[in-house]
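A.B. asks: Sequence first, predicted coordinates after that:
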Amino acid sequence: RKAAELVTDDSTIILLGGSTVYSMCRFLSGKNITVITNSILVLDRLRDEKGIRVILLGGVFNPKEEEVWGPLTNAGLRYIRADYMFMGTSS
């Protein structure tokens with residue numbers, strides 16, 4: 001919730017995969033923002049939210065994590081500018 005409070009209207013944010021980042025999505029409802037993500041779960045959660053534009057990065061699909069990754073994902077991130085980035089960790 002605290003992380004989502006940092007995000008203001010007209011912001012562009014990057015939400016990378018992970019359950020913690022996914023949990024943040026419900027607190028973004030009602031905001032007018034752009035979300036860039038590699039997470040299929042984030043895409044699924046935000047795709048019908050009015051005011052939220054979702055940009056999905058390309059890459060190799062990892063079904064265990066429900067996200068895309070790899071050189072194509074990294075190349076896409078090189079050219080993107082955002083106000084905030086939120087990411088989780090995995091073991």
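C.D. replies: In hand now; what should we look at?
A.B. asks: shaky segments in this structure?
C.D. replies: 90-91 (pLDDT under 70).
A.B. asks: Who are the contact partners of the residue nearest the centre of the chain?
C.D. replies: Central residue of the chain (Cα atoms, centre = their mean): residue 15, 2.5 Å from the mean position. Contact analysis of residue 15 by Cβ atoms under 8 Å, 6 or more residues apart in numbering lists 21, 24-25, 35-37, 39, 42, 86-87. For glycine as for every other residue, the C-beta is placed from the backbone atoms N, C-alpha and C.
A.B. asks: Tell me where the chain has strands.
C.D. replies: 12-15, 33-37, 52-56, 60-62, 67-69, 84-86 (DSSP state E).
A.B. asks: Adding distance to residue 2, write the ones you listed out as TSV.
C.D. replies: Shown next, in TSV, are those (distance: least, Cβ to Cβ, whole Å):
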stretch	distance to residue 2
strand 12-15	14
strand 33-37	16
strand 52-56	19
strand 60-62	28
strand 67-69	23
strand 84-86	11
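A.B. asks: of all the ones you listed, which lies closest to residue 6?
C.D. replies: strand 84-86 (6.2 Å; Cβ to Cβ).
A.B. asks: strands paired with that closest one, and their directions?
C.D. replies: strand 12-15 (parallel) (DSSP bridges).
A.B. asks: Pull out the buried positions in the partner strand.
C.D. replies: The neighbour-count check on strand 12-15 (16 or more other Cβ atoms under 10 Å) flags 12-15 as buried.
A.B. asks: Take the residues you listed and write them to JSON lines, including distance to residue 52.
C.D. replies: Below are those laid out as JSON lines (distance: Cβ to Cβ, whole Å):
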{"residue": "12", "distance to residue 52": "11"}
{"residue": "13", "distance to residue 52": "10"}
{"residue": "14", "distance to residue 52": "14"}
{"residue": "15", "distance to residue 52": "11"}
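A.B. asks: and which of those is nearest to residue 75?
C.D. replies: Among the buried residues of strand 12-15, and counting by Cβ to Cβ, the member closest to residue 75 is residue 14, at 14.5 Å.
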